[in-house]
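Chemist: Predicted model follows, preceded by the sequence.
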Amino acid sequence: MITGVSLPAGARVAPDFSLLLQDNDITQNIRKRLISLSLTDNRGFEADQLDIELDDSDGLMAMPQRNAVLSLALGWQGSPLTPKGQFTVDEVEHRGAPDTLTIRARSADFRGSLNTRRDESYHDTTLGDIVQKVAARN
């Protein structure tokens, strides 16, 4: 669904994106290699997921390191792009033939302390103190 975009009749509508790797713009490096880009916006405590599939038929693609940070913006050509967040590279897969590179990244690292279940009770304290304690832990 296109919302908030004013287009003249007959205008060509094409999707566009911007991708940063560790704050370095790699959009133009991968634009011609892009096979697919998919962003899954999950509800609740499940991390959003970014999947990028790239053509590596010439074998020149450098594989991003696991835990590298990708920043994605999406939109339409000729219009400002909307930031969609930062994603931590979780999986990188190279396969062929034809050679492709698939990158899977998630919006939060649920392998760390953020996903650890805890039972704790708080007595004679304020909500602000509880929030500070939980935030410092994560």
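Modeler: Perfect, I can see it now.
Chemist: The helix or strand that Pro83 is a member of packs against which elements?
Modeler: Under the assignment given by DSSP states H and E, the secondary-structure element containing Pro83 is strand 82-95. Strand 82-95 sits against strand 69-76, strand 100-106, with contacts defined as 3 or more Cβ pairs under 8 Å, 6 or more residues apart in numbering; DSSP states H and E. For every residue, glycine as well, the C-beta is placed using N, CA and C.
Chemist: again, 10 Å this time
Modeler: Strand 82-95 is packed against strand 15-21, strand 34-40, strand 49-55, strand 69-76, strand 100-106, with contacts defined by 3 or more Cβ pairs under 10 Å, 6 or more residues apart in numbering; DSSP states H and E.
Chemist: what lines up beside that strand in the sheet?
Modeler: strand 69-76 (antiparallel), strand 100-106 (antiparallel) (DSSP bridges).
Chemist: any chance of these in JSON lines, with mean neighbour count and distance to Ile52 too?
Modeler: Shown next, in JSON lines, are the strands paired with strand 82-95 (neighbours: other Cβ atoms under 10 Å; distance: least, Cβ to Cβ, whole Å):
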{"stretch": "strand 69-76", "mean neighbour count": "17", "distance to Ile52": "8"}
{"stretch": "strand 100-106", "mean neighbour count": "20", "distance to Ile52": "5"}
